[in-house]
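**Q** no sequence on hand, only this structure:
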């Protein structure tokens, strides 16, 4: 079974609200067996459009990654993020 990944590119405009979102999203992360691979460290745009904060979360399976993104736990966290920035998120199946 292939692993699943959640890849997010974000621009944070309200760090306090964003921190609440991150803390709350850990409930969903733990429930679906996710672990951070990259979370906002150094990055350099080398092609195309980018955002300053980049996150990669690894899950045991693609289905777990989808479950995380669609979970009520994540929805509650997402509500806390409202107005705190801009984000693009994609769920990707590993090889």
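**A** Looks like it came in fine. All figures in this text were calculated on a predicted structure; none of them were measured in a lab.
**Q** max-length helix in this structure?
**A** helix 15-31 (DSSP state H).
**Q** in that one, which residues are buried?
**A** 17-18, 21-22, 24-25, 28-29 (16 or more other C-beta atoms under 10 Å). The C-beta positions use only the backbone N, C-alpha and C, and glycine is treated the same way.
**Q** what of stretch 6-15?
**A** For stretch 6-15, by 16+ other C-beta under 10 Å, it's 6-10, 12.
**Q** likewise stretch 59-73?
**A** Buried-residue list, stretch 59-73, by 16+ other C-beta under 10 Å: 59, 61-62, 64-69, 71, 73.
**Q** again, but for stretch 88-95
**A** residue 91.
**Q** for that stretch, give the mean pLDDT please.
**A** Stretch 88-95 shows a mean pLDDT of 97.
**Q** tell me where the protein has strands.
**A** For the chain, strands defined by DSSP state E occupy the ranges 4-12, 35-39, 53-59, 85-93.
**Q** on that earlier part again, relative to residue 44, which of the buried residues of helix 15-31 is nearest.
**A** Using C-beta to C-beta, residue 18 comes nearest to residue 44 of the buried residues of helix 15-31, at 21.8 Å.
**Q** ok, the closest one - contacts?
**A** For residue 18, the contact set (C-beta atoms under 8 Å, 6 or more residues apart in numbering) comprises 12, 81, 84-85.
**Q** try 10 Å
**A** 10, 12, 40, 53, 80-81, 84-85, 87 (C-beta atoms under 10 Å, 6 or more residues apart in numbering).
**Q** tell me the two of those residues that are most distant?
**A** 40 and 80 (17.2 Å).
**Q** pull the distance from the longest helix of the chain to the chain's centre.
**A** Mean-position distance between helix 15-31 and its chain equals 9 Å (C-alpha atoms, centre = their mean, to the nearest Å).
**Q** give me the angle between that helix and strand 35-39.
**A** 150 degrees (axes from the mean of the first three to the mean of the last three C-alpha atoms, to 10 degrees).
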